[in-house]
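1. What would the 3D arrangement of this be:
(chains A and B)
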2 protein chains.
Amino acid sequence: MRTGQIDDDLAEINIMNKGLLINTDLLVEKIHFSDEISNAKDIGWKCITTNISDLICSGSENIISFTVGLVLPPNTHWEWVENLYEGMMEAMQEFGGEIIGGDCSCGETKMISITAIGEMSPPRLHRGNALPGDYIVSTGFHGLSRLGLALLTSEQLPTEVQISPELTNRAIKAHKRPQPAVKALKALIECKPESTSWRAAGTDSSDGLIESIRGICQSSNCQAVLSKTSILKYPDWPKDSIWDKWILNGGEDYELILTLPKEWAEALSKKLKYAQIIGFIKEGKPNIFWENLEPINLEDSNQYQHF
Amino acid sequence: MRTGQIDDDLAEINIMNKGLLINTDLLVEKIHFSDEISNAKDIGWKCITTNISDLICSGSENIISFTVGLVLPPNTHWEWVENLYEGMMEAMQEFGGEIIGGDCSCGETKMISITAIGEMSPPRLHRGNALPGDYIVSTGFHGLSRLGLALLTSEQLPTEVQISPELTNRAIKAHKRPQPAVKALKALIECKPESTSWRAAGTDSSDGLIESIRGICQSSNCQAVLSKTSILKYPDWPKDSIWDKWILNGGEDYELILTLPKEWAEALSKKLKYAQIIGFIKEGKPNIFWENLEPINLEDSNQYQHF
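-> Here you go, the predicted structure:
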């Protein structure tokens, strides 16, 4: 078992001193996707991109290949399957990789199992790599996918407000066509100061911003102190603080959440437009606080729905 | 896309001139397994060994790792999951490999998705590698798993006969605890005459003996001529010829079905106890005949049930 294998979402194997990262994700109908909300192309896109996100947030720049296991009820239209693969192809054209094999079977509900393989490159990001003194960096906006889901399902919003057409489009796109943080990883690699090693903690915010930081604290046995005002809000995001819960715990965002030595964090926040230092790591039993030491309600964390 | 990628069950990737074989298999409850017939330990064993069989029959001697995707209904007993993993571990202890990651989710029916990774070694066996003049070699008995299934489900047998206790045990074991043809692959590698190259066609008989040969003929664009009397029958196997259908099309046997140059085939049949030359490959539109040129009813092929 290699470093961080238990704490991270994916695993690594080593062949002739070359590391590979392997990630398996399941998507089950009515749990992770629904034909009522997303068409098959969007589902195909999401299968591949969410899997790529796990590779990216572990430090893999080079996506090699995918295998696809597909369970389908016998009454599935062939067009649905074609569209699913078309969405997968679109994602692979944009982010790399190719489907090299798989299996299919009939079954009562649709299920998609994707195994992605990427090439390991420094930095090898682990949840368990954080150290006291690190700065916590988020590479983009949070809450958009959760808002997109609410808009798609006509769910009641936290407060009755008018959502601007631009925010509406952006939120729905974030939910249906998530973008793995490829550029952010590239920037992270490019801006590493010579004075620091490649040691960095990282994960994506697919389970929500707070949940991703909680995971790092847990795996690294440390505490996080967050600055509420440093967390980015998308322009036009409703002002009322009750909307913060979707930024903090919305889920299905795919930004990188990193903890880095000060110089590296500062270099990244200069280089990458929406990269933001949102707090720091300190010693202590795993926990997260606001900078005024108010505890963060972790019970809200990881309460997001998938679709 | 590499040679044979389309025709074979698995795929390969190359890292620094080192080849890896990747195989994904799905097992869906009520399609591939049933709690009424097999306990969770046996299901775990079967998940891993059937997957290993795909690596073995492609020529991989070194099983590296597995990822496991598991969909379970919320009412699944924890003990079932523990036993499933115990069965998997037993298989890995015997045949190699380790579970390095995976994913789980709830869902209406149980589903297990396994991705196995093995190291490529010569011979790299493909369904599409057969050449006219090759001898066809089977490495063991067929029909046992099908008989085991019938005994486990109290299905009516082809004729009313008494099945000996030894055959009963062996058949049930073949169905519940299949053995990948590890020894057969080792023997194949060890006995290759220096005068021949590593070129060989191969697959396993998981879909039935005839179906595996049909696959080779299809992928290699050739014909197979089989000798009925050369096909091994397990001692005590019922004599009536109606029982042959389970030998030919029973399925869920995991022997190697190979086509080899004459010298290699003869060396293997000498070296490996149950390896048997059962026919030869000739030019022609894909088809299979008995040596008296009687055609083989291919409609019976691939008609096996999974459990």
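2. Please name the bridge partners of the nearest residue to A:Asn129 once chain neighbours are set aside.
-> Nearest non-adjacent residue to A:Asn129, counting by C-beta to C-beta, 6 or more residues apart in numbering or on different chains: A:Ala201, 3.9 Å away. (C-beta placed from N, C-alpha, C; glycine too.) Beta-bridge partners for A:Ala201, by DSSP bridges, are A:His126, A:Thr259.
3. can I assume A:Ala201 is in contact with A:Leu258?
-> Yes: using C-beta atoms under 8 Å as the test, A:Ala201 is close enough to A:Leu258 to be in contact (6.6 Å).
4. Overlap of the contact sets of these two?
-> Both A:Ala201 and A:Leu258 are in contact with A:Leu125, where contact means C-beta atoms under 8 Å, 6 or more residues apart in numbering or on different chains.
5. And the helices in chain A?
-> Ranges of helices in chain A, per DSSP state H, are A:40-56, A:78-95, A:144-152, A:165-176, A:182-190, A:209-220, A:244-249, A:262-271.
6. Of all those, which one is nearest chain B?
-> helix A:40-56 (9.6 Å; C-beta to the nearest C-beta).
7. What is the closest one packed up against?
-> strand A:18-28, strand A:62-72, helix A:78-95, strand A:111-119, helix A:165-176, helix A:182-190, strand A:201-204 (3 or more C-beta pairs under 8 Å, 6 or more residues apart in numbering or on different chains; DSSP states H and E).
8. out of these, nearest to A:Glu211?
-> strand A:201-204 (9.3 Å; C-beta to C-beta).
9. how far is that closest one from where the chain is centred?
-> The chain centre lies 9 Å from the centre of strand A:201-204; the measure is C-alpha atoms, centre = their mean, to the nearest Å.
10. Give me the contact list for it.
-> Strand A:201-204 is contacted from outside by A:8-9, A:53-54, A:56-59, A:123, A:125-130, A:134, A:180-181, A:212, A:215-216, A:219-220, A:253-259, using C-beta under 8 Å, 6+ apart.
11. Let's see that with 7 Å instead.
-> Residues outside strand A:201-204 that contact it (C-beta atoms under 7 Å, 6 or more residues apart in numbering or on different chains) are A:53-54, A:57, A:59, A:125-127, A:129-130, A:181, A:212, A:215-216, A:220, A:254-259.
12. What of stretch A:258-276?
-> Stretch A:258-276 is contacted by residues A:130, A:134-141, A:184, A:187-188, A:191-193, A:195-196, A:200-202, A:216, A:230, A:232, A:277, A:281 when judged by C-beta under 7 Å, 6+ apart.
13. Any of those residues buried? List them.
-> Among the contacts of stretch A:258-276, those buried by neighbour count (16 or more other C-beta atoms under 10 Å in any protein chain shown) are A:130, A:134-141, A:184, A:187-188, A:191-192, A:200-202, A:216, A:232, A:277, A:281.
14. ok, for the residue most central in space within chain A, nearest residue in space, not its chain neighbours?
-> Residue closest to the mean C-alpha point of chain A, counted by C-alpha atoms, centre = their mean, is A:Tyr254 at 2.9 Å. Closest residue to A:Tyr254 apart from its sequence neighbours, by C-beta to C-beta, 6+ apart: A:Ser53 at 4.4 Å.
15. The one you found reaches A:Leu256, doesn't it?
-> No: with contact defined as C-beta atoms under 7 Å, A:Ser53 does not reach A:Leu256; the gap is 9.0 Å.
16. Now do the end-to-end distance for stretch A:151-170.
-> 11 Å (C-alpha to C-alpha, to the nearest Å).
17. Which positions within that stretch qualify as buried?
-> A:Leu151, A:Leu152, A:Ile163, A:Leu167, A:Arg170.
18. quick one, phi psi at the residue of the stretch 151-300 of chain A found nearest chain B?
-> Residue nearest to chain B within the stretch 151-300 of chain A: A:Ser206 (12.0 Å; C-beta to the nearest C-beta). Note on A:Ser206: its backbone torsions stand at phi -60, psi -30 [degrees, to the nearest 10].
19. Listing request: residues of chain A with sub-threshold pLDDT.
-> A:1-18, A:299-307 (pLDDT under 70).
20. For A:Arg124, what are phi and psi?
-> The phi/psi pair for A:Arg124 (degrees, to the nearest 10) is phi -90, psi 100.
21. domain assignment for chain A?
-> Domains of chain A are assigned by automatic domain parsing as A:11-119, A:127-300.
22. closest one to B:Thr76 among these?
-> Per C-beta to C-beta, nearest to B:Thr76 of the domains of chain A: domain A:11-119, 14.0 Å.
23. Quick one: residues contacting the residue nearest to the centre of chain A.
-> By C-beta under 7 Å, 6+ apart, the contact list for A:Tyr254 reads A:Thr50, A:Ser53, A:Pro178, A:Gln179, A:Pro180, A:Ala181, A:Asp204, A:Ser205, A:Ser206.
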